[in-house]
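whatever this is, show me its structure:
(chains A and B)
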Amino acid sequence: MLKEKDFNVARAPFGYYKTFEIKCKGHPLSELSRTILPEEVAEKEEEEKAPSEYLVLAHEGEEHFLKLDKIEDCKILDKYPLLKQFILSEELGIRPGEEPSHIKLMRKLELVDYEPASDVGHFRFYPNGTLIKTLLEELALEIAASLGASRIETPLLYRFDEPDIREQALKFHQKDYKLKLPNRTLLLRFAGDFGLFRMMKDVVMSYKQMPVRIFEISPSFRLEQSGECVGLKRLRAFTMPDVHCFCKDLNEALKEYEILFLSYNKIVNAMQIEYVVAFRLVKEFYQKNKHYILKLLGEIKKPALIELLPKAKHYWIMKHEFQEVDSVGGNAQLSTVQLDIEDSERYGILYVDENGEKKGCIILHSSMGSIERWIYAMLEEATKKAKKGVAPMLPLWLAPTQVRLIPVKDEYLEYCQKISDKIDRENIRVDIDDRNQTVAKKIRDAERHWVPLIVVIGEKEINTNQLPVRIRETRELKTFGIEELISEIKRKTENMPFRALALPKLLSKRPIFISS
RNA sequence: GCCCCGGUGGCCAAGCGGUAAGGCAACUGCCUCGUACGCAGUAAAUCGCGGGUUCAAAUCCCGUCCGGGGCUCCA
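Numbering: from 1, shown residues only, chains lettered A, B, ... in the order given. A predicted model of the protein is given here:
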């Protein structure tokens, strides 16, 4: 339309009228009157699409090259169905196209819900959901501390007119939230790099202090296309724990990389997620460092999909992802580590070397994975178990209720209180179903809410001091002494974060957030 | 953002042009109960929202919001 009239049209953004009659009625502050200059867009680089090569690297050492259009020919994948499904889903977009189960579960378990009064992809967390989120954040903090990373906090909003902020933002395909104030435009952070790079630019680092490790956990906002937001799998607002390591050379960076790789493996294990590994590297780098990749895979005893890029097209030369493959064959990246050799100089993050000279360093960018996505992955894993006939559940350390006491009659309530206090004191989440219901009904409710340990208390228990524990995981009914039960739970939740019950101990006192 | 599908009490849902079934949950009463649903009763629905067609709309049409799938995207 405009082209016909000799205007130089760079592009017509979505959301703006491409054809309209100009009547000049609009208020100057209205949505429709904006100045859009082509240079903003021109900075968006057109990436060449040189094809990647793919292979499966077994942790025992063999390489199995594969063509994406003929992955059936790659026999090793028959041994690793999850990896195969990952390749189908991630690289080829082939999946059954059903709704992932966590969407129903997050509501059924009263954890998380939609909030229509907010934007798409912004959720509300109910008490038990908040409890789980808090525990996971706590885990992230502990992992960061174990890495020796220093925690920082940087702003959520940034000025769009700062050149480096603007440069980073424009690279991100306009997926940022912008806040237009009368005198300036602010950008909501979509990653931690903005504030971190700003901070690091001013930091004085000597080679003696390297590697320097920095941790931040904070909300990030990405204006994903509305059709792309799916439950807790992809959100517009999420919590990102990330670690950046600033290293003086490649050797040191590779050492750090390994430490991160193994730490993040601990995280997914703590959440009992059966994940898949993908590495993406510049081909030349892979050829020189294949032994290194193999060492990493050997430590976690897993094969990996390897994507070889003919040449560097991003800021990293090597990265890997731990990926969830969900109950309906979809996938989502959990954690990632990226080896970045160019951003340091670009953003002026320098250290002083042995000769007193300022030098660029190597940056390891890494994200442990968003907390919300961890919850997605755990709920999906639970469904995968259920499909195999195993009772779905969360890891014990994350179960909102770890032990439920069910008195047979009201008169045993007092005794329940007494032993629950004892269990409480040991940092175990125990509650009591004191509602006026039959035992069978209370058990059914506890099972429906995935309570891992259920104890029915009646006259026999009071007399013998023994507790009959219904164990969800194994579907057995086992008798424990109270101390024995406590130490068993302690053993299973050892070294994991703890928080108290999110709701009143007595079920009769609990409001219902979602009744289903 | 685009295309397809969906939205009915707190939750799950039947009805699909004649004026809102049923189940679960909740509440009240009874039952005091031993390992997945005791019995009875009560209350609870602007049929997502707005507009249109019709004597009549939850049902048909248009718009819009929310959700799911697909496309695209995931630096």
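
next, whatever residue of the stretch 201-350 of chain A ends up closest to RNA strand B: secondary structure please.
RNA strand B sits closest to residue A:227 of the stretch 201-350 of chain A, with a gap of 2.5 Å, by C-beta to the nearest atom of the strand. C-beta here means a position set from N, CA and C on the backbone, and glycine is covered the same way. At residue A:227 the chain is in helix, as set by DSSP: H, G, I helix; E, B strand; the rest coil.

phi, psi for residue A:80 please.
According to degrees, to the nearest 10, the main-chain angles of residue A:80 amount to phi -130, psi 70.

wait, what's in contact with it?
Each residue near residue A:80 by C-beta atoms under 8 Å, 6 or more residues apart in numbering is listed here: A:56, A:303.

report the separation between it and residue A:302.
Using C-beta to C-beta, to the nearest Å, residue A:80 is found at 8 Å from residue A:302.

what does residue A:127 give?
36 Å.

which parts of whatever helix or strand residue A:447 lives in are buried?
According to DSSP states H and E, residue A:447 maps onto helix A:439-448. Across helix A:439-448, burial judged by 16 or more other C-beta atoms under 10 Å covers A:442-443, A:445-446.

just for chain A, where's the confidence low?
Applying pLDDT under 70 to chain A flags the ranges A:1-49.

and RNA strand B, which of the buried residues of helix A:439-448 reach it?
residue A:443 (C-beta under 7 Å from any atom of the strand).

tell me which residues in stretch A:169-186 are buried?
Buried, per 16+ other C-beta under 10 Å, within stretch A:169-186: A:169-170, A:176-177, A:186.

er, stretch A:355-372 I mean
Those would be A:360-372, for stretch A:355-372 by 16+ other C-beta under 10 Å.

list just the nearest of those residues to residue A:511.
Checking the buried residues of stretch A:355-372 against residue A:511 with C-beta to C-beta, the nearest one is residue A:372 at 23.9 Å.

what helix or strand is the closest one located in?
helix A:371-387.

check whether the helix or strand that comes right after that helix comes near RNA strand B.
Note on helix A:371-387: by DSSP H and E, the next helix or strand toward the C-terminus is strand A:403-407. No - no part of strand A:403-407 sits near RNA strand B under the criterion C-beta under 7 Å from any atom of the strand; the closest distance found is 7.7 Å.

what's the answer for stretch A:55-73, then?
No - judged by C-beta under 7 Å from any atom of the strand, stretch A:55-73 stays clear of RNA strand B, getting no closer than 13.3 Å.

just send the buried residues of stretch A:169-186 back as TSV, with distance to residue A:411 and secondary structure too.
TSV is the format used below for the buried residues of stretch A:169-186 (distance: C-beta to C-beta, whole Å; DSSP: H, G, I helix; E, B strand; the rest coil):
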residue	distance to residue A:411	secondary structure
A:169	66	helix
A:170	70	helix
A:176	62	coil
A:177	58	coil
A:186	62	strand
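
near RNA strand B, list only the ones from the residues you listed.
Taking C-beta under 7 Å from any atom of the strand, there is no overlap between these and the neighbourhood of RNA strand B.

which of those lies closest to RNA strand B?
Comparing the buried residues of stretch A:169-186 against RNA strand B with C-beta to the nearest atom of the strand places residue A:169 closest, at 8.5 Å.

who's in contact with the closest one?
A:160, A:176, A:187.

so which residues on the stretch 201-350 of chain A come close to RNA strand B?
Residues of the stretch 201-350 of chain A lying near RNA strand B (C-beta under 7 Å from any atom of the strand): A:224-231, A:314-315, A:330, A:333.

please identify the residues of the stretch 1-150 of chain A in proximity to RNA strand B?
Counting by C-beta under 7 Å from any atom of the strand, the stretch 1-150 of chain A sits next to RNA strand B at A:14-15, A:90, A:93, A:95, A:97-100, A:103, A:107, A:114, A:116, A:119-121.

now which of the residues you listed would you call buried?
Neighbour counting by 16+ other C-beta under 10 Å classes A:90, A:95, A:100, A:103, A:107, A:120-121 among these as buried.

just put these in JSON lines and tack on distance to residue A:53.
Output for these, formatted as JSON lines (distance: C-beta to C-beta, whole Å):
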{"residue": "A:90", "distance to residue A:53": "16"}
{"residue": "A:95", "distance to residue A:53": "23"}
{"residue": "A:100", "distance to residue A:53": "31"}
{"residue": "A:103", "distance to residue A:53": "36"}
{"residue": "A:107", "distance to residue A:53": "43"}
{"residue": "A:120", "distance to residue A:53": "37"}
{"residue": "A:121", "distance to residue A:53": "35"}
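
identify the farthest-apart pair in those.
Between any two of those, the greatest separation by C-beta to C-beta is 27.2 Å, found for A:90 and A:107.

and residue A:118, how many residues sit next to it?
Residues lying near residue A:118 (other C-beta atoms under 10 Å) number 12.

can you flag which of the buried residues of stretch A:355-372 belong to strands?
Judged by DSSP state E, the subset of those located in strands is A:360, A:362-367.

just to revisit the earlier point, got JSON lines for the buried residues of stretch A:169-186, with distance to residue A:254 too?
Below are those laid out as JSON lines (distance: C-beta to C-beta, whole Å):
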{"residue": "A:169", "distance to residue A:254": "31"}
{"residue": "A:170", "distance to residue A:254": "31"}
{"residue": "A:176", "distance to residue A:254": "33"}
{"residue": "A:177", "distance to residue A:254": "36"}
{"residue": "A:186", "distance to residue A:254": "38"}
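
that older thread, so which elements touch the helix holding residue A:372?
In terms of contacts (3 or more C-beta pairs under 8 Å, 6 or more residues apart in numbering; DSSP states H and E), helix A:371-387 is packed against helix A:102-108, helix A:127-146, strand A:237-247, strand A:316-325, strand A:331-340.

nearest to residue A:154, of those?
Among the helices and strands packed on helix A:371-387, the nearest to residue A:154 by C-beta to C-beta is strand A:237-247 (11.3 Å).

compute the inter-axis angle for the closest one and helix A:371-387.
110 degrees (axes from the mean of the first three to the mean of the last three C-alpha atoms, to 10 degrees).

by contact count, what packs against strand A:237-247?
helix A:127-146, helix A:193-202, strand A:212-221, helix A:250-270, strand A:362-367, helix A:371-387.

and these, which is most packed in?
Greatest average neighbour count among those goes to strand A:362-367 (a mean of 24), per mean count of other C-beta atoms under 10 Å.

any part of that strand near RNA strand B?
No - judged by C-beta under 7 Å from any atom of the strand, strand A:362-367 and RNA strand B are separated, with a smallest distance of 8.4 Å.

then that strand to CSV, C-alphas only?
As requested, the backbone C-alpha atoms of strand A:362-367 are provided in CSV (Å, rounded to 0.1, in the frame of the first residue of the first chain):
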residue,chain,number,x,y,z
ILE,A,362,35.1,-16.4,28.9
ILE,A,363,31.5,-16.3,30.2
LEU,A,364,29.5,-19.4,31.1
HIS,A,365,25.9,-18.5,31.0
SER,A,366,23.7,-21.0,32.7
SER,A,367,20.2,-21.4,33.8
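
what helices and strands are in contact with that strand?
Checked by 3+ C-beta pairs under 8 Å, 6+ apart, strand A:362-367 has strand A:237-247, helix A:250-270, strand A:331-340, helix A:343-346 packed alongside it.

thank you kindly, that will do.
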